[in-house]
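A structural model of the following input is requested.
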Amino acid sequence: MSQNIIQHTGLILVSGTDAPGVTEALFSALEPFAITILDIEQVVIRGRLILTTLISLDEVHAEAVEIDLLATAEKLGLDIAIDFTSQNASAEIEGSNLHVVALSQELRPAAISALAAKIAEQGGNIDRIRRTASYPLTAIEFEVTLTTRTDDLRNIQRELAEIARSNNIDIAVERSGLARRAKRIVLLDMDSTLIKEEVIDLLAEKYGVGAQVAEITEKAMRGELDFAQSLTSRVELLTGAQGTILEKAKAEITLTSGARTLIRTLHRLGHKVGVVSGGFLDVIEPILQDLDIDFYRANKLELVDGKLTGKITGQIIDREAKAQALRDFAAAEGVSLAQTIAIGDGANDLGMLEIAGLGIAFNAKPAVRQAANSSINSPYLDSVLYLMGITREEIEKADQIG
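As a prediction, this is how the structure comes out:
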């Protein structure tokens with residue numbers, strides 16, 4: 001039978017103009033006493049300091065501690081508030097169990113208010129808020145404790161994703177804990193995700209059937225047509241094209257802004273990166289090799305006597321094939337699906353977005369944004385790093401040591 005132990009604690013809140021030596025002076029004032037630091041957090045914004053410390057102490061020393069702290073704060077020109085209380089030291093203190101990241105180019109108060117209201121409605125309490133990036137986007141992290149136990153993470157993700165969409169922000173919701181920092185794999189779609197173009201459209205333009213192919217492509221990406229059938233129809237329109245158009249199309253491909261930063265940073269932090277594409281290896285493989293992509297799958301065009309036959313060789317990479325690619329990539333790396341991230345923009349990406357630990361719709365069609373539990377609507381692919389909890393400082397440090 002456990003014995004209740006009453007612990008006397010003091011919560012100290014200091015604010016004011018920051019200056020060298022402030023933190024040292026405050027803790028030097030505490031040094032003569034038998035005090036244990038239980039928690040501490042400090043932040044400086046535009047030269048203004050906010051320092052919060054939770055201490056345990058002998059109750060008989062409380063008055064003396066307060067007198068010394070008040071004198072130190074007055075000498076430093078700081079504001080200070082001190083709250084002493086007694087509590088059961090054996091009571092279980094649960095850590096934060098949800099990690100929420102919000103991204104925006106113009107973060108508005110209404111967005112924070114709406115997120116906070118929805119978190120409270122879900123039985124959550126926001127324990128900590130911090131900014132992890134200020135450019136090219138503002139990234140804000142929330143550590144949340146749920147007061148009611150729930151294993152329905154998907155429901156919370158959907159609820160907060162709806163708030164994010166209605167307030168024009170991007171969001172990711174994950175379980176807190178060491179798993180967020182463990183080895184991960186990231187699997188990306190290619191066309192309109194890792195690169196700005198649709199490869200089939202580039203080939204069609206070279207062969208003079210751009211309008212016909214573009215119409216089918218748009219319907220397929222909106223989910224109005226079965227992807228495999230639509231791909232077969234589009235490739236048939238390329239029948240007879242010279243194989244040289246493959247190299248011409250490759251020359252026109254441009255990486256999405258932030259793509260190299262994303263891949264470079266993930267690799268330097270020990271993660272693996274894969275690509276699964278409904279496009280064509282014949283065009284994209286040299287690009288993937290240049291980027292040191294760890295895993296990739298895509299369709300392959302049939303060539304006979306240097307000309308396209310209008311057919312695809314092997315399995316068509318459709319929605320289910322993309323989901324299977326994520327499973328295979330995870331298995332090969334010894335990573336659970338909970339530790340995977342999938343990123344895509346089209347209806348054929350939904351399979352992998354749904355089974356990934358974090359599925360991110362990147363500048364996606366409306367139907368895909370509605371179905372995904374996280375989304376990014378900025379043009380920067382490296383924004384994914386912020387949703388993963390990687391800060392701007394960590395990105396820059398990775399570049400320095402890489």
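
got any ranges where the chain has weak pLDDT?
Residue ranges of the chain with pLDDT under 70: 1-5, 88-96, 148-151, 178-181, 220-223, 400-402.

which residue is the nearest non-sequential neighbour of Gln122?
Distances taken as CB to CB, 6 or more residues apart in numbering place Ile156 nearest to Gln122, at 5.6 Å, with adjacent residues excluded. Using the backbone N, CA and C atoms, a C-beta is placed for each residue, glycine as well.

tally of neighbours for that neighbour?
21 (other CB atoms under 10 Å).

after the longest strand along the chain, next one along is what?
Longest among the strand segments of the chain by residue count, using DSSP state E, is strand 6-17. Remark: after strand 6-17, the chain's next helix or strand is helix 22-30, criterion DSSP states H and E.

pull the residues that contact that next one.
For helix 22-30, the external contacting residues (CB atoms under 8 Å, 6 or more residues apart in numbering) are 12, 14, 42, 49, 51, 53, 55, 65, 68-69, 71-73, 75-76, 78.

what's the angle from the helix or strand following that helix to strand 6-17?
Downstream of helix 22-30, the first helix or strand assigned by DSSP H and E is strand 36-45. Here strand 36-45 runs at an angle of 20 degrees relative to strand 6-17 (axes from the mean of the first three to the mean of the last three CA atoms, to 10 degrees).

now strand 36-45, how far from the centre of its chain.
Centroid separation between strand 36-45 and its chain, computed with CA atoms, centre = their mean, to the nearest Å, is 26 Å.

parallel or antiparallel, list what pairs with it.
Its sheet considered, strand 36-45 pairs with strand 48-56 (antiparallel) by DSSP bridges.

okay, buried residues for the strand it pairs with please.
Leu49, Leu51, Thr53, Ile55 (16 or more other CB atoms under 10 Å).

dump the residues you listed to CSV, plus distance to Asn125.
Shown next, in CSV, are the buried residues of strand 48-56 (distance: CB to CB, whole Å):
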residue, distance to Asn125
Leu49, 25
Leu51, 22
Thr53, 20
Ile55, 22
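
now, which of these sits nearest Ser383?
Using CB to CB, Leu49 is the member of the buried residues of strand 48-56 that sits closest to Ser383, with 29.8 Å.

just checking, the closest one touches Pro20?
No - here Leu49 does not reach Pro20: they are 11.3 Å apart, not a contact under CB atoms under 8 Å.

how about Leu231, what does it touch?
Ile200, Ala220, Gly278, Asn299, Ile312, Ile316, Asp318.

how far away is it from Val213?
To Val213, Leu231 is 10 Å away according to CB to CB, to the nearest Å.

and the helices in the stretch 51-200 of the chain?
62-76, 109-121, 153-166, 199-207 (DSSP state H, counting those that start in this stretch).

pick the most buried one from the ones you listed.
Ranked by mean neighbour count under mean count of other CB atoms under 10 Å, those are led by helix 199-207, which reaches a mean of 22.

which strands and helices lie in contact with that one?
If you count contacts as 3 or more CB pairs under 8 Å, 6 or more residues apart in numbering; DSSP states H and E, helix 199-207 packs onto helix 210-221, helix 227-236, helix 244-251, strand 272-280, helix 281-290.

run through who's touching it.
190-191, 210, 212-214, 217, 231, 234-235, 237-238, 241, 245-246, 248-249, 252-253, 277, 279-280, 283-284.

select only the buried ones of those residues in ChimeraX?
Listed next is the ChimeraX selection for buried residues among the contacts of helix 199-207, using 16+ other CB under 10 Å:
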select :190,191,210,213,214,217,231,234,235,237,238,241,245,246,249,253,277,279,280,283,284
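
my read: Lys307 touches Thr244, true?
No - using CB under 8 Å, Lys307 is not in contact with Thr244; the gap is 9.8 Å.

so which of those two has more stuff around it?
Lys307 (16 against 11).

if I pick the more buried one, what's in contact with it?
Residues counted as contacts of Lys307 (CB under 8 Å, 6+ apart) are Gly240, Ala241, Gln242, Gly243.

just the buried residues of these.
Buried subset of the contacts of Lys307 (neighbour count, 16+ other CB under 10 Å): Ala241.

and the contacts of Lys307 as JSON lines, adding secondary structure and distance to Asn377?
Converted to JSON lines, these look like this (DSSP: H, G, I helix; E, B strand; the rest coil; distance: CB to CB, whole Å):
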{"residue": "Gly240", "secondary structure": "coil", "distance to Asn377": "40"}
{"residue": "Ala241", "secondary structure": "coil", "distance to Asn377": "35"}
{"residue": "Gln242", "secondary structure": "strand", "distance to Asn377": "39"}
{"residue": "Gly243", "secondary structure": "coil", "distance to Asn377": "37"}
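
nearest to Asp290 among the contacts of Lys307?
Closest to Asp290, out of all of the contacts of Lys307 and judged by CB to CB, is Gly243, at 20.8 Å.

that closest one against Leu303, yeah?
Yes - the pair Gly243 / Leu303 is scored as a contact, 5.2 Å apart, by CB under 8 Å.

next up, the contacts around the closest residue in space to Tyr380 that isn't next to it in sequence.
Of all residues not flanking Tyr380 in the chain, Gly258 sits nearest, at 4.2 Å (CB to CB, 6+ apart). By CB under 8 Å, 6+ apart, the residues touching Gly258 are Tyr380, Leu381, Asp382, Ser383.

among the residues you listed, name the buried ones.
Burial by neighbour count, judged by 16+ other CB under 10 Å, picks out Tyr380, Leu381, Asp382, Ser383 from the contacts of Gly258.

redo these as a markdown table? Include distance to Arg108 and secondary structure.
Conversion of these to a markdown table gives the following (distance: CB to CB, whole Å; DSSP: H, G, I helix; E, B strand; the rest coil):
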| residue | distance to Arg108 | secondary structure |
| --- | --- | --- |
| Tyr380 | 19 | coil |
| Leu381 | 24 | coil |
| Asp382 | 23 | coil |
| Ser383 | 18 | helix |
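
tell me which two in those residues are the farthest apart.
Greatest spatial distance among those (CB to CB): Leu381 and Ser383, at 6.8 Å.

from Gly346, how far out is the residue in the chain sticking out farthest from the centre?
Distance from the centre of the chain peaks at Val60, with 47.9 Å (CA atoms, centre = their mean). For Val60, the distance to Gly346 (CB to CB) stands at 68 Å.
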